[in-house]
Structure formats: C-alpha cells, structure tokens
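below are the sequence and a predicted model for it; my questions follow.
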Amino acid sequence: MVSKDKIRRILDSYDKKNITIATGCSHTSLQIFHGAKLEGFRTLGISVQQKTKMYDAFPAAKPDDFLYVDSYAQLIDMTDYLIEQNVIVVPHGSFVEYMTPAIFESWEVPSFGNRMVLDWEADREKEREWLTSAGVKMPRIISDAQKIDRPVLVKYHGAKGGRGFFIAKDYPEFKMGLEHAKKYHIQEYVLGTRYYVHFFYSPIKTEGYKLSKGVLELLSMDRRDESNIDEMYKLGSVEELKRHGFFPTFVVTGNVPIVARESLLPKFFDLGERIIESSFNLFGGLIGPFCIESIVTDQLDVVVFEVSARIVAGTNPYISGSSYSDLIQPGLSTGRRIAQEIKLGVEKGLLHEIIT
Amino acid sequence: MVSKDKIRRILDSYDKKNITIATGCSHTSLQIFHGAKLEGFRTLGISVQQKTKMYDAFPAAKPDDFLYVDSYAQLIDMTDYLIEQNVIVVPHGSFVEYMTPAIFESWEVPSFGNRMVLDWEADREKEREWLTSAGVKMPRIISDAQKIDRPVLVKYHGAKGGRGFFIAKDYPEFKMGLEHAKKYHIQEYVLGTRYYVHFFYSPIKTEGYKLSKGVLELLSMDRRDESNIDEMYKLGSVEELKRHGFFPTFVVTGNVPIVARESLLPKFFDLGERIIESSFNLFGGLIGPFCIESIVTDQLDVVVFEVSARIVAGTNPYISGSSYSDLIQPGLSTGRRIAQEIKLGVEKGLLHEIIT
Amino acid sequence: MVSKDKIRRILDSYDKKNITIATGCSHTSLQIFHGAKLEGFRTLGISVQQKTKMYDAFPAAKPDDFLYVDSYAQLIDMTDYLIEQNVIVVPHGSFVEYMTPAIFESWEVPSFGNRMVLDWEADREKEREWLTSAGVKMPRIISDAQKIDRPVLVKYHGAKGGRGFFIAKDYPEFKMGLEHAKKYHIQEYVLGTRYYVHFFYSPIKTEGYKLSKGVLELLSMDRRDESNIDEMYKLGSVEELKRHGFFPTFVVTGNVPIVARESLLPKFFDLGERIIESSFNLFGGLIGPFCIESIVTDQLDVVVFEVSARIVAGTNPYISGSSYSDLIQPGLSTGRRIAQEIKLGVEKGLLHEIIT
C-alpha cells in the first residue's frame, strides 16, 4: 500500500489550479468526465486498449486528452508523467478490477477515496465482518450444503460480473447445479425486491446529514439488469429451463432507474451511517461514493448482500440528476459530485483527507 | 365530516400571504415540500414518531419547521396551533391511512382536496359503483368461489399495502391458498401490463383539457414494484415455489418510471374525464391529484382495478418532471402542481373550491 | 417511388422561412411537435380519425394547426394543400404502417429521411441481407421446424405489433403452438436482455462521431413493455399457463427507460456504423433516427433481431433528454433532433440530402 505521507508529498507538489481528473475509458467514465468538465477541471481518459472514438459522440463528456497504453503494466510506467500533469485518478470498478486491487493499492498516482477500503471490500469474510459489526443485516451463510433448508445463492470463488452464480432451493438442486472442483460459498437467497442505493460520504463538507465527522448524501438508486436471468422467465420457469439445459446467469448488462418507498429512506440512511461510522475504526473511513446493494423483503426489512466502495455503474441513468440528487442541486450526478468534492478539498486545503 | 362552512370560515381567517403547506413526514413528502418551497410557501413537516434527520440530506425538500407528536390523537390536539399558522394540509395516502379516514374526515384543519371522496374510495363497493357508473371497465367480481373459471385475485378484507392477496387459477388453487376465517373478495385477474396513470384535476384552472368544469392534466405514470412477486420468478415459477412453501406477496417497495404507447393516452384521458364527471354528481367532485391503476391487455383495452384519490407514491420518480408534465412546464412534479393550485386558489379568491 | 428530382423541385419552391413540420397524431407525435416548436417551426397535426383533444393537455406539444381527414385516401387528396404550406412530414412507425408503405412511398409531400429504406425494412429477407452483409450478428433462421434444437421464436407473416408470435423450445411445442394455415418464420430465440438503442444519423452534420460521410449519434435506449408476456410470470410460468389455456402475447403497450453497461457502447456504435455504411451502397443511405433492437447475451455479445428505420416509440421516455443525449445538448429528444436536422438542412442549403 502506498503510504499516506507519500501521496501527501505528491499532492503538495501539485499545481492546485491545474488539476487533471483522470479515469479509465469505460464503466462510468462518461459521467466522471462530464462532471469534471462542468466543475472546470481538465480531464484525461486512460485507454488500456479501449477504443475511444465513442467519446466523439458525446462532446460534453469527451476528455480533453487521452493516454493510450497497451497494458496496465505500461500504465504503471507512466506514473511520473501522470504526476507531472497533476492527475487525480477516480477509480471505478472496472479500473480497479482490471488493474487488480494489489497493483492499484501500491500505484503512486493520487487517487480519489481511501485505498484501504480495498482490503475490506475484496475479501468476502472481511466485508461480512465490517458490515455485521456495524449492525447491518446480511443474508445468512450456510456452511454445510447438506443443511440447505431454504433458497440459497451459490457463488464460486473469484467469479466476476455475475458468471458462476446459481440458485438452489434444496440439497439435491445444489448437487445438480454444482460444478465439481470449484470452491463455492453458499448464502441464503432472500426473497424480495432489489434496491442498489447510491450514497456519497464527504469527510470535509459540513452542511447536510451529519455523521460523527462529515456528511452523508443519497444521490440515486437503480436496479441492475442481468443477462440472462432478467428475461429468462419469458421462455419458461427457471426450473423447466434447467431440464432443457438452460441455466440462469447473472451478468450485468445495464441499469434501470427506480425509486424506493419514501418510508424506506430513513432505514437506508441508518445503514449508510452505520457502514461509514464502522469504516472509521476499521480502516480510516470509506470516502466518496459507495453503494448498498440490498433486498427489501415483504416485511420491509432491508437485507444488504454487498457494499461497493466506489462509484457504481448503477449511477449511469442519472447523468443529469435523479429524484434524490435534484433535491441537493438540480442535475447533480455522482460523477459531478466527485468533482465538487475535489474542488472543495482544494478550496479548504483538505485534499489529503479525500485523496490517498 | 367537518362542514364546508366551517372550513370556509377558517380559511377566511387565514393570512393568505403566509400560508403554510404541511404534510406527514413520509410517502411523498419530499416532493410536496420541494414543490411548496419552489412556489414560495412556508412548509411544515408533521412527524408522528418519524425520524426527520433524513431531510438534512435534501435541502431543497427540507421543511422550514417540524411539528413532532407521539400519536395522531395528539395531532388532533394541535388543531388550533395549526390553524394559527395558516396551515393547509396536503393529505397523502400514508397520512390518511395512519390517522384513519374517519378521524381525518372530521379534523378541522383545512385540507387540500375534497374529503368527501374518502367514503367513495375506502369502500370497495362504493368505489365500484362510482367507476362502473362512469362507464369505466373493471375486473369482474366473482361472487361464488366454486365458479372460478379464469385467473382470479383474492383479496382479504382490510388488508393493507398488498399483504394478504393471492392469485388462483381455479377452485382447487383457491381452496389451497385461502386462509380460513378471513373475509375475502374475488376478482378476475386481468392478464396484461400495469400502468398507474397520475392525473391532476383542477376545478379553477381554465386553460387546458377542459371538462364540464375545470381542466384535467396527465402528469406522469409509473409501475409499482412489489415484494416479493416482482423478483420471485428468478427462483422458479410461482407454482413451483408454492410447493416449496413460498407464496407471492404484493407489498409495494418502490416505483419504476414508464411511459405508455401514445395511442393509449386518449383512452386514459377519456377514463380520467369520466371518473371526474361522475364524481361531481356523487360527492361534489374529486379535486387535485388522483391515480388510475390499470391493466392494459393485449387487445389494448384498459381495465381499471383501482382509483387513488390523492397523490400516490408512484409520482416519486418525477420530482424533476416527466415526459408528460414537462410538456406543461419543464420540471413540474405533482407536488409542485399541488402548490401551484393552492397559489392559484389564493390569487383567484377560490381557495374554498379546492380546500375542504 | 416518388423521384428525388420531383421532391427536390417541390422543396425548391418552398418558403424556407416558413416550413411546417407535420406528423400523424399518435406514436411519437408529442415529442415531434415539442421538438419542432422548440426549434421555431410551425407545426401541423394530421388526424386520420384520431381524437386531438389530448393535445390541449400538453401545451408545449400542441401543434399550431390540425388537418382532419377521414382516411389516408383523403389525405392523399390533400397533397397540394400540404405543399402550399411548405410541409415536411416526419413519418413515424404508425403513420407509415397505417398509410401502408406502398402508398407512402409514392406520396409527393416532402418527407424527412430516405423513403428507399422502406423496401429494405419491410421485407424480412432483404432486411437480413442488409444487416448480415454489414457483419451484424442476427438470430439464426431455422428453415425446417423438425430441426428445432433450441428455443425459437415463431412469427406469422404480416403479424403486426407483436400479435401472433410464439416461443417454442422443441418440435412438439412448435406443433402445439402453431395455428394451421398461417405462414410462419422460425428464428432462434436468443437468451439475454433486450436493449433498444436509439441512434440518429446525419449526412450533413460535420462534428461528432464521423462515418465515411456525416456523423452518428446515440440519443437514448429503452426496453419495450409488452402485454401480456411482461407480467405473465406473476400467474405461473409460461408453460404452466399454456396448460390452463393462456398463451403469451407480445403487444407493445409502453416503454421503460434503461441504460447499458458503458463497455457495450463501443459495440453499439460499431453496429450503428456498419448498418449506415452498408445502407449507402444498398439504397443511398438511411437518414435520421433509427433503432437497433438487440439482445445482449451473458457473454456480452450483441445480437440484433430487428432494425427500425425511423423514430421509435421507445424514445418517448426521453422527451426532456436522456443520459446520452444530455451529453450532446441538455434536454435533447429525438423529436427535437429531427427538427434541428431540418433547420441545419435549411441553413446549409442541403435539405435535399435529408428530405425525399
């Protein structure tokens, strides 16, 4: 892990009037660039073999410059070049995943948010420790497959983007679905409707929904759209289709806008608050955007199955604001909120509190 | 029922330049406060044991003041206090439900809309009389369970928020699903897609889609998101799951934005018009926001299964406008439209026509 | 087919400062009129037995005038009258369908877009030739029903609006579902999630995502909402319901907003580019709005099952802009984009390149 001191020295050397906001050319890059441009920052698109012609079609989100590299290894070699340009990287999920968390952690380019969160987010058991110690309700873990007594979701270790999940309702189904020689993890499948709630935590803003330090904002919500599970029902039930050799998969292909029943909002804020407060003690605090991925049961209980500790693709329907963020500032996106936070850090001389 | 004269005398005593718009702190309160603030009103949040810290996170929707009470009984005691502050209450569904319609009807604080509608809305048979006499197509009632010859929805009397519905396709399924000792009501389950159409009727506005008196507006549409029915299919079919002991429930957890095929709009307006015209005769007219909850069949017939006679939570995706309301005024929400109507009532000296 | 020369002579006679944008009163007319008004055009609603009172409810989308006719035959008789008013017709799907493509092709009123596309769009085999020659992946055709070895979609010839489709998973199901004496077409049913991507191709704009000539824009995306298939799962699985005598239908009743995973956008642009480049050679180019109707598999492959060569109803959720069009110009709809294109054609003296 690159040290806080090291990053602070680099930040001290930056020309604060000429900061460049950079991110990888996918995931949520359109809104990150769009937001940064609206707040007056120079922008840089990092392309690791990605095509960038697409940005020509979206002038308000086209970065001022691109940096083309063939691999993440080559990007590491560009560290000094990026620092010379006063770059702050906004790491989205794809960027961290493809660079690998281990390499990202030690990369010396100043990065928005707290890198320490990666250790707690990438490891399923540490994540569970974090959330349950904060009093957040999660789906039960079933350690013995023979004791499956309710619907479960079986996840293979290291599976990415939803491939390699399956649902079983009892032990025979579990055995039928299991691919041998793969390590798995069984958790209760909670029946209900999914809400992915997009929060933003600022340690340096003072007005708003206050925590022990800083403020918590709720910017938007979505539901993930997953292939093939979300349109499989048209063909027959999941059970019938298995008999025909078709199995459900959970690969995220897009996002659908949604709002929650207003009486759920205080519950969501309570969960967001607990997760942030707990993060202070465990690793110095989650900073910036995060997402609570939850199921709302028919008892209106909120069960959290995952936390994403950075900007999620579910914010993409809200590039021009949401029913929630519009109540903070009309048209506010998570991408723009990140740029505002960096601007506030510069103004208050507190960049080192939000950049690691 | 508090008399019209009584309310008119109270309204006459009001300082019309200092009206306070108040509502209960849940349901659609964010957009009601937001809209009222945009139109320049003072706002008051009524908290009956609700937490209100959430509003700190939404400055554009945070009411100027809160009134904290422990119970609705205590709120009744605050009647004089509210009247002193020139309060007009905007009653949303949760507010009326928790206060109970009977108590709300006799509460002497001026309230937006016609309270008389409550009698016609709360009683299933009167509602059916209202709608069918207006020529609105509704799902058939099946009075003898043994004659179930198509899919039906069985609703228990007095069930709230979707708990206690079930679907049956024939008599054996009906018997299997029924909980003994509960009173029920069987109606045809109409196959199709659901559209919840949000209208606004103004008796005092003169420009627009004219009725025999006043104008009708269509502000937005949504589809309710219900736990657990709306994600149950992922686990297996409803039938299979029953065999595993899981039964579908219909508890509203949120709302999804949607638009209807444009050729359906004249049909929706026709239905809205019939429902309003009929309400004039039956109880002096439904005033302000209402929602037609409908199913569109594959023959493009519109079948109405319920009418809500006030602002519905389905308007929450549209706090900054919809594809429909934007064609009236950019960014118009139902909450703001209510505030505009009160403002127009003040300007025209016609508050008594929209406040009861 | 009316000749290009004929239309050009008519256009030459037009008073370019007083062009009237006209369309039929349904489908996407609200956004077409709204967009035209925002760009300063006079607007004319063509009602072929449609009620037009609805427009009173949407002042920003109410056309300046209406032309009422009883039939499309009568509309043909109005050709000179329309030309006198400098009318440019924006043909949407319903307009072309009800007028019939054959009559529309020879109608002498100047029309936005290239009429030649109709021949390639209306004929399933020519459409397939167009798309596959462009390297676009489509669902496989199964010519021998006995060889059905995967889920298939069976479409009856000439079926409109989704009626007369059915899904089969094998030959026995196919035989059970088939209505005798109807001509059919069998194609592979691709498992995945549907994205309807709304593009705009301009041959005369010079800035943006450049093709060999002109630029390509991505304005929005939706998912169609179809009755009864999209809510049938609540009753039981499609298979179970067939045993009860209920069959899935696919009649479009509305549209749901959606965004795609950002890494899919370059793939969508690539498909749009191929389809346009191919159209130059085949029929002189598709002009203006078009829609790629696609399925995204769990391998993130994009399979195109249809192309619509004009404005689609799926753009209706975006009358005030989308997460994509807002990055071109805040609040931009496809309807407004069409009006901008006509305005640009006037300014550049290039109307004849976009009007046929």
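In hand now; what should we look at? Predicted, not measured: the structure shown is a model, and the values here were computed from it.

helices and strands around the strand or helix carrying residue A:34, which ones?
Secondary structure from DSSP states H and E places residue A:34 in helix A:29-38. Helices and strands touching helix A:29-38, by 3 or more C-beta pairs under 8 Å, 6 or more residues apart in numbering or on different chains; DSSP states H and E, are strand A:20-24, strand A:42-48, helix A:334-348. Where you see a C-beta, it was placed from the backbone N, CA and C, and this is true even at glycine.

out of these, the one nearest chain B is which?
Nearest to chain B among those is helix A:334-348 (12.7 Å), distances taken as C-beta to the nearest C-beta.

mind listing what's buried in the closest one?
A:334, A:335, A:336, A:337, A:338, A:339, A:340, A:341, A:342, A:344, A:345, A:346 (16 or more other C-beta atoms under 10 Å in any protein chain shown).

how close does residue A:204 get to residue A:310?
The spacing between residue A:204 and residue A:310, counted by C-beta to C-beta, to the nearest Å, is 18 Å.

which of the two has more neighbours?
residue A:310 (25 against 18; other C-beta atoms under 10 Å in any protein chain shown).

what sits against the more buried one?
A:91, A:92, A:93, A:96, A:113, A:288, A:289, A:290 (C-beta atoms under 8 Å, 6 or more residues apart in numbering or on different chains).

what parts of the stretch 251-356 of chain A come near chain C?
By C-beta under 8 Å from any C-beta of the partner chain, the residues of the stretch 251-356 of chain A that approach chain C are A:251-257, A:313, A:316-320, A:331.

pLDDT, neighbour count and distance to residue C:142 added to the residues you listed, as TSV?
Listed next are these as TSV, based on pLDDT from 0 to 100; neighbours: other C-beta atoms under 10 Å in any protein chain shown; distance: C-beta to C-beta, whole Å:
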residue	pLDDT	neighbour count	distance to residue C:142
A:251	94	24	26
A:252	95	19	30
A:253	97	28	25
A:254	98	27	29
A:255	98	26	33
A:256	98	19	32
A:257	98	24	37
A:313	98	26	35
A:316	98	27	36
A:317	98	25	37
A:318	98	27	42
A:319	98	27	41
A:320	97	24	44
A:331	98	16	49
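
now, which of these lie within strands?
Within those, residues falling in strands by DSSP state E are A:251, A:252, A:253, A:254, A:255, A:256, A:257.

between these, which is nearest chain B?
residue A:257 (5.8 Å).

what comes up buried for stretch A:225-244?
A:225-242.

out of those residues, which are close to chain B?
A:229, A:233, A:237, A:238, A:239, A:240.

and the second one, what pLDDT?
pLDDT, the model's per-residue confidence, is 86 for residue A:233.

who's in contact with it?
Contacts of residue A:233 by C-beta under 8 Å, 6+ apart are B:233, B:234, C:233, C:237, C:238.

residues making contact with the helix holding residue A:34?
Residues contacting helix A:29-38 (C-beta under 8 Å, 6+ apart): A:21, A:23, A:43, A:45, A:55, A:58, A:60-63, A:90, A:92, A:311, A:315-316, A:318-319, A:333-340, C:262, C:323, C:327.

show me where pLDDT drops low in the stretch 101-250 of chain A?
Counting by pLDDT under 70, the stretch 101-250 of chain A shows low-confidence ranges at A:158-164.

quick check: residues of it near chain C?
Residues of the stretch 101-250 of chain A lying near chain C (C-beta under 8 Å from any C-beta): A:162-163, A:225-228, A:230-237, A:239-240, A:244, A:246, A:249.

give the buried residues for the lengthiest helix in chain A.
Using DSSP state H, we find that the single longest helix of chain A is helix A:265-283. By 16+ other C-beta under 10 Å, the buried positions in helix A:265-283 come out as A:265-279, A:282-283.

CA atoms only for that helix, dumped as CSV, please.
What follows is helix A:265-283, C-alpha atoms only, in CSV (Å, rounded to 0.1, in the frame of the first residue of the first chain):
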residue,chain,number,x,y,z
LEU,A,265,-35.2,6.2,3.1
PRO,A,266,-34.6,6.6,6.9
LYS,A,267,-33.7,2.9,7.0
PHE,A,268,-31.2,3.4,4.1
PHE,A,269,-29.6,6.4,5.8
ASP,A,270,-29.3,4.5,9.0
LEU,A,271,-27.5,1.7,7.1
GLY,A,272,-25.2,4.1,5.3
GLU,A,273,-24.4,5.8,8.6
ARG,A,274,-23.5,2.6,10.3
ILE,A,275,-21.3,1.4,7.4
ILE,A,276,-19.4,4.7,7.4
GLU,A,277,-19.0,5.0,11.2
SER,A,278,-17.7,1.4,11.3
SER,A,279,-15.3,2.2,8.5
PHE,A,280,-13.6,4.9,10.5
ASN,A,281,-12.4,2.4,13.1
LEU,A,282,-11.6,-0.4,10.8
PHE,A,283,-9.6,1.4,8.1
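
by contact count, what packs against it?
helix A:117-122, helix A:124-133, strand A:193-202, strand A:215-228, strand A:288-296, strand A:302-308.

mind listing residues that contact that helix?
A:114, A:116-117, A:119-120, A:130-131, A:133-136, A:195, A:197, A:199, A:201, A:209, A:211-213, A:216, A:218, A:260, A:285-286, A:290, A:292, A:294, A:300, A:302, A:304, A:307, B:50-51, B:53-54, B:57.

distance from that helix to the middle of the chain?
Distance, stretch centre to chain centre, for helix A:265-283: 16 Å (C-alpha atoms, centre = their mean, to the nearest Å).

what of stretch A:19-35?
Using C-alpha atoms, centre = their mean, the offset of stretch A:19-35 from its chain centre is 14 Å.

tell me the mean pLDDT for it?
98.

what about that stretch, start to end distance?
14 Å (C-alpha to C-alpha, to the nearest Å).

domains of chain A?
Per automatic domain parsing, the structural domains of chain A span A:1-111, A:113-137+A:191-356, A:140-189.

up against chain B, what does the stretch 251-356 of chain A have?
Residues of the stretch 251-356 of chain A lying near chain B (C-beta under 8 Å from any C-beta): A:256-266, A:269, A:296-300, A:321, A:323-324, A:326-328, A:330.

and if we set it to 6 Å?
Contact residues, the stretch 251-356 of chain A versus chain B (C-beta under 6 Å from any C-beta of the partner chain): A:257-263, A:265-266, A:269, A:296, A:298, A:323, A:326-327.

show the buried residues in the residues you listed.
By 16+ other C-beta under 10 Å, these give A:257-263, A:265-266, A:269, A:296, A:298, A:323, A:326-327 as buried.

picking that back up, the ones next to chain B among the buried residues of stretch A:225-244 into CSV, with extra columns for secondary structure?
Shown next, in CSV, are these (DSSP: H, G, I helix; E, B strand; the rest coil):
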residue, secondary structure
A:229, helix
A:233, coil
A:237, coil
A:238, helix
A:239, helix
A:240, helix
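
would you mind giving these as TSV with distance to residue C:28 added?
Putting these into TSV (distance: C-beta to C-beta, whole Å) gives the following:
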residue	distance to residue C:28
A:229	31
A:233	29
A:237	36
A:238	36
A:239	40
A:240	38
